[in-house]
Structures are given as structure tokens and as C-alpha cells.
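Enquirer: Mind folding the following:
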Amino acid sequence: MTNAITIDTRGLSCPLPVLLAKKQLRAIAPGALVRILATDPLAPEDFRDFCRVSGCVWVGSREAKDGALEITIRQAEA
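Expert: Next up, the predicted model:
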């Protein structure tokens with residue numbers, strides 16, 4: 001994925017990945033692609049819920065090469 005901002009939440013458990021991402025998203029431009037790396041197996045579900053309430057757009061998730069989860073969202077428009 002090119003031009004995506006990466007937020008590394010590997011090793012953190014719910015609710016910390018979402019809380020960390022929420023804090024960092026404040027400094028990210030509207031519409032930007034954001035890649036979140038996570039090891040918490042519930043992270044995709046948590047980020048889908050986060051997108052529903054925050055206005056961010058769920059793009060998808062997949063397993064990264066290192067076995068972590070790679071979650072992609074689009075920052076909410078202003």
C-alpha cells in the first residue's frame with residue numbers, strides 16, 4: 001500500500017489499539033489512508049465499530065507477512 005500512514009499497535013490488547021489510533025488520527029489529514037498493524041485478534045471488529053461511530057471508512061483487513069493483522073481505514077472527511 002503506498003502513501004498510507006502506519007500506526008503500529010502490535011502487542012496491545014483491546015481497547016488500546018483503537019485508543020492509540022484515535023489519538024493519532026487527530027493529526028492525520030482528512031481522507032488519508034491509514035494502515036494499522038495489530039496482533040489483537042479482535043482488532044478488525046473493534047476498528048469496524050470505530051469506523052461506524054467516527055466517520056472513518058473501513059477499507060479492509062488482511063494478515064501481514066509477519067503474521068500481524070493489517071487493517072486499513074480512510075480518515076474521515078472534514
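
Enquirer: Every contact and neighbour count from this point should use C-alpha atoms.
Expert: OK.

Enquirer: would you list every one of the strands in this structure?
Expert: If DSSP state E is used as the criterion, the strands of the chain fall at 5-8, 33-38, 57-63, 69-74.

Enquirer: relative to strand 57-63, how tilted is the last one?
Expert: It stands for strand 69-74. Interaxial angle, strand 69-74 versus strand 57-63 (axes from the mean of the first three to the mean of the last three C-alpha atoms, to 10 degrees): 160 degrees.

Enquirer: Just want the angle from strand 69-74 to strand 33-38.
Expert: Angle, strand 69-74 to strand 33-38, by the same axes, to 10 degrees: 160 degrees.

Enquirer: Deepest-packed of the strands of the chain, please.
Expert: strand 33-38 (a mean of 24; mean count of other C-alpha atoms under 10 Å).

Enquirer: Isn't I73 up against V34?
Expert: Yes. Under the criterion of C-alpha atoms under 8 Å, I73 makes contact with V34 at 5.3 Å.

Enquirer: how much space is there between A76 and K65?
Expert: 28 Å (C-alpha to C-alpha, to the nearest Å).
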